[in-house]
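Quick one, structure for this:
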Amino acid sequence: MAQHLKKSLGQHFLKDESVLQHIAEVVGDLTPYNTVVEIGPGAGALTKYLVAKKHTDFYVIELDDRWAAHLHQTFPSLRGKIIHEDFMATDLSFMKHPVHVVGNFPYNISSQIVFRIIEERDKVERMTGMFQKEVAIRIAAPHGSKDYGVLSLLTQAYFDCKYLFDVPPESFNPPPKVMSGIIQITRKTTPPSCDEVLFKKIVKAAFNQRRKTMRNSLKEFVSGKAISENEIFNLRPEQLSLERFYELTNLISLQS
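Take a look at the predicted model:
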């Protein structure tokens, strides 16, 4: 199969059936979801386990011409529900809340996929996916960790994130040069307790200079001396929990 893979699409196909079964197990019961979407199914190694769950509104999104045709032939029940497009450009209006997104995501666009899922949070209830382990750890990283950053906070603002298990390189064809990891994110019931647009700007500005204190990295947001004397500005960004970033956003939002 290796000769059929496209490096430009970041293709590494999972071949280990025990790992595939484990992913299907953690995906769990799909009946609570109105729509289930698998991104980048490739040859359908995981798809066959998801199809077996017999969900009536199960869609797959596959960019590669050859695999889209292969899926059409291999899974008759998916005919009419194989979206032969780039997920990042696909019109997702077909998704009906609540949605579960599943996938062995192409590593070269995995972060962008997460950000698009965040944009679709009004529909997406849960995502179970495989990432390069480094990216998966960043998504689920707690504050105080060296891996904690923009991806962590912007995901955790809307989803509870769990790192589930490792997947070694030998489970793939061809083997990637990195360890992979499965994570699951589940949408929170309450939105962030602050101005969400300002929160995003503050998080990005803070981690753009992550070795500096907030006083130095957020100068453009602070207009008064009194607010900058708050002890929160003495901290570096990785020292602030999600809740403290909300507190910081509210301080800046309410400054006079």
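
okay, CA-based contacts and neighbour counts for the rest of this
Will do.

and after whichever strand or helix holds Arg215, which helix or strand comes next?
Take DSSP states H and E as the rule and Arg215 turns out to sit in helix 214-217. Beyond helix 214-217 on the C-terminal side, the first helix or strand identified by DSSP H and E is helix 225-228.

So what touches the helix holding Arg215?
Helix 214-217 has contacts (Cα atoms under 8 Å, 6 or more residues apart in numbering) with Ala205, Ala206, Asn208, Gln209, Arg210, Ser228, Ile232, Phe233, Asn234, Leu235, Arg236, Pro237.

now the closest residue to the fourth one other than its chain neighbours: how far from Lys201?
Sequence neighbours aside, Ser217 is the residue nearest to Gln209 in space, at 6.0 Å (criterion: Cα to Cα, 6 or more residues apart in numbering). Distance of Ser217 to Lys201, given as Cα to Cα, to the nearest Å: 12 Å.

re earlier: the residue nearest to Gln209 and Leu248, how far apart?
According to Cα to Cα, Ser217 and Leu248 sit 13 Å apart.

give me the low-pLDDT residue ranges for the stretch 1-150 of the chain?
For the stretch 1-150 of the chain, applying pLDDT under 70 flags the ranges 1-12.

In it, mark out all the strands, start to finish.
Ranges of strands within the stretch 1-150 of the chain are 13-14, 35-39, 58-61, 82-83, 99-104, 124-132, based on DSSP state E, counting those that start in this stretch.

isn't Cys194 right next to Asn250, touching?
Yes: at 5.9 Å, Cys194 counts as touching Asn250 under the criterion of Cα atoms under 8 Å.

For stretch 103-119, output the C-alpha coordinates as CSV.
Taking C-alpha atoms only, stretch 103-119 is exported to CSV below (Å, rounded to 0.1, in the frame of the first residue of the first chain):
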residue,chain,number,x,y,z
GLY,A,103,-10.4,10.6,12.3
ASN,A,104,-6.8,9.6,11.9
PHE,A,105,-6.0,13.2,10.9
PRO,A,106,-3.3,14.2,8.4
TYR,A,107,-0.5,15.5,10.7
ASN,A,108,0.3,18.4,8.4
ILE,A,109,-3.1,20.0,9.0
SER,A,110,-4.2,18.5,12.3
SER,A,111,-4.0,21.8,14.2
GLN,A,112,-6.1,23.5,11.5
ILE,A,113,-8.7,20.7,11.8
VAL,A,114,-9.0,21.4,15.6
PHE,A,115,-9.5,25.1,15.0
ARG,A,116,-12.2,24.4,12.5
ILE,A,117,-13.9,22.0,14.9
ILE,A,118,-13.7,24.8,17.5
GLU,A,119,-15.4,27.1,15.0
